[in-house]
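A.B. asks: Using only what follows, build the 3D model:
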Amino acid sequence: MMSKHPHNSSRIVARALSLLLIFSTEDRRHFSVRAFAPRVERLPSSPRSTSLAWSKRCDEKNLDTPYIHVKDILGGVVQPAVFAASVAFATFSSQPTFAEDVNSMLTSNVVVSSKASAPPAYDETWNLVKKYALDQKFNGQDWDEAYARYSKGLDASSTDEDKVMRAASNLVASLGDKYSRVLDRDAYARIQKFDLIGVGATLMPDPITKEIIVGAPPVAKSAADQAGLKVGDVVVAVNGVETEGRTAFDIIDQISEDPNAGTVTFTVRSDSEPSRDLTMKREFLDVRNPVSYRVSETRSDGTKVGYVRIAEFNSLVKPSLEAALKDLESQSVDAYILDVRGNPGGAFQSAVEIAGLFMDDKLATDVIDGNGVDLKFRTSKDRVVIDEKDPLAIWVDGKSASASEVLAGALRDNCRAVVMGDTSFGKGLVQAVYGLKNGYGLVLTVAKYLTPGGTDINKIGIVPDVSKEDALPSAPGFVPLVGSDTSRVDFKDVARRMSMCTSND
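C.D. replies: As a prediction, the model looks like this:
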């Protein structure tokens, strides 16, 4: 029997099921997550274990190529399946804006134009950009004219997929945004490594009925694909709990209550057919624990210092960090270093959730779409793990980006931490990932974010309160012991700065 089971989740992620990922990428620079992990442990494989996102080298896209392959996914993402099988960045409602319309923003079936002279995949791409791009001036070009310019030589009957997707890629490239690009099938499928549901299905609210539907074709050969799920199928319930009136976070929270469950059951209604239960096997590749920690020192005044390093914001970061902090608390640690040097980012909602381990019900960040609609993300209530008076320093450098910057900005602007090190990378943009009907994907910059104090850090970064020379070890964080030397940090000064700070929240 299905039961009503609404959660009192943030209305910000009110209506979209998709995972929010914010990552950084530098031109022609390679990143490897493993290079930043000082003491990485492989966790037992479980539904919470998703593929190691950044184990593959990723470099900036080449606009001369027809589409971007798996190698580049660091640009920052909001994946409709991960909130859908995660939460691409947030959630939205039913107006034609990022903030007020997650229902339609995250669905690739949106029709904004009556144009239909080009193949469907090209039309889909054009429509999504028109409706959701942060840059509503489209890099200074008339978007209708761009449609015709880049679809030249194509018509609705064109069957040369490579030619069609090359045209779509060139269309997106004309935006002049290095983070927006078209993904081939392999690249789009690999994004499912952030799928917290684990069946390869993209769930999202129907823009008209508000029912939770399958919003994009299931990943090929995934459990959802093999079970016969199709675009437009209504998901009436998940594991017997009705989806009506529930949000993305509600459903993910529900599934997270049993993270090791090997299956998940969708109650599905197709067209006018009776509802049916589909039990699907959850499958994930392994992801490494991104958190390493230790009691770094006990000082002569009795201060016991806990050092915690976060290598990336993947699906394991929140539970791993929470366990680490509780362990350090049990060892009477009363001063903390949170090291996100070299951390290129990860799941947006993880940064917000992690901030909630240090401060209760505070504004974490503002996300603003191309129409100026502002979504305010707050930390959770009653989830703080360490004493809010314990001094906390967060270490950053030029490779600390996106989700790392969301966390650092949230903690500093709420007077909960002092930022130390070098100026961070400076990526304050949000990308959404849309599944196209032909199995390809579109990564599109749809919003920007501000720190709680209203600072736009894009291309600027977070300027530290205390310089690297004054407090940090000379070695980088991934160098064991030497790179985590906390002896130069003046925690009395940290406590003083925190007490003198004034927050707007």
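A.B. asks: from here on, contacts and neighbour counts on C-alpha atoms
C.D. replies: Will do.
A.B. asks: Stretch 227-239 spans what distance, first to last residue?
C.D. replies: Stretch 227-239 stretches 16 Å from its first residue to its last (CA to CA, to the nearest Å).
A.B. asks: where's that stretch relative to the chain centroid, distance-wise?
C.D. replies: 24 Å (CA atoms, centre = their mean, to the nearest Å).
A.B. asks: Next, the buried residues of that stretch.
C.D. replies: 229, 230, 231, 232, 233, 234, 235, 236, 237, 238, 239 (16 or more other CA atoms under 10 Å).
A.B. asks: Just say helix, strand or coil for the closest residue to the first one other than its chain neighbours.
C.D. replies: To tie it back to what came earlier, the one meant is residue 229. Using CA to CA, 6 or more residues apart in numbering and skipping the chain neighbours, the partner closest in space to residue 229 is residue 218 (7.0 Å). What DSSP: H, G, I helix; E, B strand; the rest coil gives for residue 218 is coil.
A.B. asks: Tell me who's in contact with residue 218.
C.D. replies: Listed by CA atoms under 8 Å, 6 or more residues apart in numbering, the contact set of residue 218 reads 200, 201, 202, 224, 225, 229, 230, 231.
A.B. asks: would CSV of those residues with distance to residue 340, pLDDT and secondary structure be doable?
C.D. replies: Output for those, formatted as CSV (distance: CA to CA, whole Å; pLDDT from 0 to 100; DSSP: H, G, I helix; E, B strand; the rest coil):
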residue, distance to residue 340, pLDDT, secondary structure
200, 30, 82, coil
201, 32, 82, coil
202, 31, 74, strand
224, 36, 92, helix
225, 38, 90, helix
229, 40, 93, coil
230, 41, 90, coil
231, 39, 85, coil
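A.B. asks: for the residues you listed, which one is nearest residue 158?
C.D. replies: Checking these against residue 158 with CA to CA, the nearest one is residue 231 at 22.7 Å.
A.B. asks: Enumerate every residue touching that closest one.
C.D. replies: Here residue 231 is in contact with 213, 214, 215, 216, 217, 218 (CA under 8 Å, 6+ apart).
A.B. asks: do you know how far it is from residue 206?
C.D. replies: From residue 231 over to residue 206 (counting by CA to CA), the distance is 11 Å.
A.B. asks: Equivalent analysis for residue 299, please.
C.D. replies: Using CA to CA, one gets 57 Å for the distance from residue 299 to residue 206.
A.B. asks: So if I had to pick from those two, which one is more boxed in?
C.D. replies: residue 206 (23 against 10; other CA atoms under 10 Å).
A.B. asks: joint contacts of residue 231 and residue 206?
C.D. replies: With CA under 8 Å, 6+ apart as the test, residue 231 and residue 206 both reach 213, 215.
A.B. asks: ok, back up a step: now the contacts of residue 231 as a markdown table including pLDDT?
C.D. replies: Listed next are the contacts of residue 231 as a markdown table, based on pLDDT from 0 to 100:
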| residue | pLDDT |
| --- | --- |
| 213 | 87 |
| 214 | 85 |
| 215 | 75 |
| 216 | 74 |
| 217 | 76 |
| 218 | 83 |
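A.B. asks: Rebuild those residues as JSON lines, extending it with distance to residue 366.
C.D. replies: Below are the contacts of residue 231 laid out as JSON lines (distance: CA to CA, whole Å):
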{"residue": "213", "distance to residue 366": "28"}
{"residue": "214", "distance to residue 366": "28"}
{"residue": "215", "distance to residue 366": "26"}
{"residue": "216", "distance to residue 366": "28"}
{"residue": "217", "distance to residue 366": "31"}
{"residue": "218", "distance to residue 366": "31"}
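A.B. asks: Let's see if you can find the most crowded of those.
C.D. replies: residue 215 (31 neighbours).
A.B. asks: just checking, that residue is part of a strand?
C.D. replies: Yes - counting by three-state DSSP, residue 215 is found in a strand.
A.B. asks: Would you check how far apart it and residue 479 are?
C.D. replies: Counting by CA to CA, the gap from residue 215 to residue 479 is 44 Å.
A.B. asks: ok, now which ones touch residue 119?
C.D. replies: 154, 155, 156, 157, 158, 164.
A.B. asks: Got a quick PyMOL command for the buried subset of the residues you listed?
C.D. replies: Of these, the buried ones can be selected in PyMOL as follows, counting by 16+ other CA under 10 Å:
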select buried, resi 154+164
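A.B. asks: Using neighbour counts, pick out the buried residues of stretch 388-396.
C.D. replies: 390, 391, 392, 393, 394, 395, 396.
A.B. asks: how would you label the residue of the chain positioned farthest from its centre: helix, strand or coil?
C.D. replies: With distances taken as CA atoms, centre = their mean, the residue sitting farthest from the centre of the chain turns out to be residue 300, at 41.6 Å. What three-state DSSP gives for residue 300 is coil.
A.B. asks: do you know how far it is from residue 492?
C.D. replies: 13 Å.
A.B. asks: How about residue 385?
C.D. replies: Going from residue 385 to residue 492 by CA to CA gives 21 Å.
A.B. asks: which of the two has more neighbours?
C.D. replies: For residue 385 versus residue 492, the count of surrounding residues by other CA under 10 Å is larger for residue 385: 16 against 11.
A.B. asks: so the more buried one touches residue 326, yeah?
C.D. replies: Yes - Residue 385 is within contact range of residue 326, at 6.6 Å (criterion: CA atoms under 8 Å).
A.B. asks: could you point out where the protein is predicted with low confidence?
C.D. replies: Counting by pLDDT under 70, the chain shows low-confidence ranges at 1-116, 191-196, 247-250, 252-253, 256-257, 259, 285-287, 480.
A.B. asks: wouldn't residue 296 be in contact with residue 306 here?
C.D. replies: Yes - contact criterion CA under 8 Å: residue 296 and residue 306 qualify, at 5.7 Å.
A.B. asks: If you count surrounding residues, which of these two has more?
C.D. replies: residue 306 (25 against 19).
A.B. asks: From residue 294, how far out is the more buried one?
C.D. replies: With CA to CA as the criterion, residue 306 and residue 294 are 6 Å apart.
A.B. asks: who touches both of those two?
C.D. replies: With CA under 8 Å, 6+ apart, residue 306 and residue 294 have common neighbours residue 328.
A.B. asks: State which strand of this protein is the longest.
C.D. replies: strand 441-450 (DSSP state E).
A.B. asks: Can you give the contact residues for it?
C.D. replies: Contact with strand 441-450 is made by 77, 98, 125, 129, 132-135, 177, 179-185, 187-188, 365-370, 428-436, 456-457, as judged by CA under 8 Å, 6+ apart.
A.B. asks: Check which strands are paired with that strand and give the direction for each one.
C.D. replies: strand 181-183 (antiparallel), strand 363-369 (antiparallel), strand 429-435 (antiparallel) (DSSP bridges).
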